[in-house]
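Q: Need a 3D model of the sequence below.
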Amino acid sequence: NRATKLPGARTALEKTAGIAADRTLPTFRRESLVEWFESRGPRVDPEAATAGVVLFPDTDTNYSHPALGKAAVEVLEAANIRVAIPDLGPTGRAAYSTGMLEAAAERGEALLEDLEPYLERGWSVLFVEPSDAAMVVDEYRSLLADDRVDALAANAFGVCEYLDRNRLDEELSFDRTETEAAQLTFHGHCHQKARGADHHAVGVLRRAGYAVDPVDSGCCGMAGSFGYEAEHYDLSKAIGSLLRDRLEERRTRGFEPDRAETGERDGTTVVAPGTSCRTQIGDFEGYDRPVHPVELLARGLETE
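A: Predicted structure coming up:
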């Protein structure tokens, strides 16, 4: 973190590694999500739990935004789900996206090996990051000749997708004072849209009491590491400007009447499940980094 803030460091990084100097870089936390969970441990009695899940520690969540994983654990455990966060390697999504198929296949085989004991116990695998969920559900089918792929794909879900499919959120209590005060613009992730899974988060948030209005938009333009690359930075920002125009329209016109019944709705709080999307929108002038849906669910939970 300190090295990237030294004078001239970002210029040097662009020249040597091709990472755009104007792009906001991730900040690495002192304690990873896996380390936090190892010291904390699960809080649900195995005998009383209704189900067990592995929460996948993707690179961004594990090292840069562990608060997302902590929020997911809080929500899942409130729903009486037993959670495990083993120290797993990446899904291979980054390698796959850049055409390094052999490396991606090796990562996939290693992950299948690590997750097999959990799948044999009937546990599901949940993802905070939509790109990784799409990787194991879709890309592994064409990338790996392994019978375990189907078992993993059938039991892999985004966190909000898992909550919605099982209506687990209906068993939770949310602070209406907290939720009704927030009017949200939801930007879906491209991989979730392709899987037809982007509606799950919207449904869960609405049932929790949030006023949510999805924005009709295409790709944010970040596209994983694409938006970090200096040679693609201008194109990434140009594509992103189309989304920014839509968000500005939302600010101007407010919420659709059927989306919210009372109060002023400026739509300035943006919710996005994808790491790339949150990075791109957070770099827009006048916008904060969007929140992940699971953060809002954890924030709105009623506590004793």
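
Q: does residue 296 really touch residue 271, like I thought?
A: Yes - the criterion here is CB atoms under 8 Å, and residue 296 meets it with residue 271 at 6.7 Å. For the C-beta atoms, the positions are set from N, CA and C on the backbone; glycine is no exception.

Q: what do those two both touch?
A: Shared contacts of residue 296 and residue 271, defined by CB atoms under 8 Å, 6 or more residues apart in numbering, comprise 184, 205.

Q: how about low-confidence regions in the stretch 51-200 of the chain?
A: 178-182 (pLDDT under 70).

Q: Let me see the ranges of the strands in it.
A: With strands called from DSSP state E, counting those that start in this stretch, the stretch 51-200 of the chain shows them at 51-56, 81-84, 124-127, 156-158, 183-186.

Q: tell me the helices in the stretch 1-150 of the chain, going along the chain?
A: With DSSP state H, counting those that start in this stretch as the criterion, the stretch 1-150 of the chain has helices at 9-17, 33-40, 59, 66-78, 93-97, 101-120, 130-134, 140-143, 148-154.

Q: Could I get the strands of the stretch 51-200 of the chain in a markdown table, plus columns for distance to residue 103 and mean neighbour count?
A: Shown next, in a markdown table, are the strands of the stretch 51-200 of the chain (distance: least, CB to CB, whole Å; neighbours: other CB atoms under 10 Å):
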| stretch | distance to residue 103 | mean neighbour count |
| --- | --- | --- |
| strand 51-56 | 19 | 22 |
| strand 81-84 | 26 | 20 |
| strand 124-127 | 20 | 24 |
| strand 156-158 | 21 | 25 |
| strand 183-186 | 34 | 23 |
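
Q: who wins for proximity to residue 193 among the helices of the stretch 1-150 of the chain?
A: Proximity to residue 193 (CB to CB) singles out helix 130-134 among the helices of the stretch 1-150 of the chain, at 9.2 Å.

Q: Give me the buried stretch members for that closest one, please.
A: 130-134 (16 or more other CB atoms under 10 Å).

Q: nearest to residue 210, of those?
A: residue 130 (19.2 Å).

Q: okay, which residue is most central for this structure?
A: Geometric centre of the chain, nearest residue: residue 129, 3.3 Å, by CA atoms, centre = their mean.

Q: What residues does it make contact with?
A: Taking CB under 8 Å, 6+ apart, one finds 56, 58, 60-61, 273-275 in contact with residue 129.

Q: One more pass at 7 Å, please.
A: 58, 60-61, 275 (CB atoms under 7 Å, 6 or more residues apart in numbering).

Q: Repeat that for residue 107.
A: 89-92, 95.

Q: Same question for residue 277.
A: Neighbouring residues of residue 277 by CB under 7 Å, 6+ apart: 187, 189, 220, 222.

Q: And residue 57, by the same measure?
A: Residue 57 is in contact with 33-34, 69, 85, 88, counting by CB under 7 Å, 6+ apart.

Q: just to revisit the earlier point, would TSV of the buried residues of helix 130-134 with distance to residue 140 be doable?
A: TSV is the format used below for the buried residues of helix 130-134 (distance: CB to CB, whole Å):
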residue	distance to residue 140
130	15
131	13
132	11
133	11
134	10
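
Q: Stretch 227-240: end-to-end distance?
A: In stretch 227-240, first residue to last residue: 10 Å (CA to CA, to the nearest Å).

Q: And for stretch 213-227?
A: From its first residue to its last, stretch 213-227 covers 26 Å (CA to CA).

Q: Would you check that residue 295 makes contact with residue 70?
A: No - Residue 295 is not in contact with residue 70 according to CB atoms under 7 Å; the separation is 9.4 Å.

Q: Now the common contact residues for these two.
A: Counting by CB under 7 Å, 6+ apart, nothing touches both residue 295 and residue 70.

Q: about what we covered before: go through the contacts of residue 277 and name the one nearest residue 176.
A: Checking the contacts of residue 277 against residue 176 by CB to CB gives residue 187 as the nearest, at 24.8 Å.

Q: thinking again about what came up before, filter the contacts of residue 277 down to the buried ones.
A: Of those, these count as buried by 16+ other CB under 10 Å: 187, 189, 220, 222.
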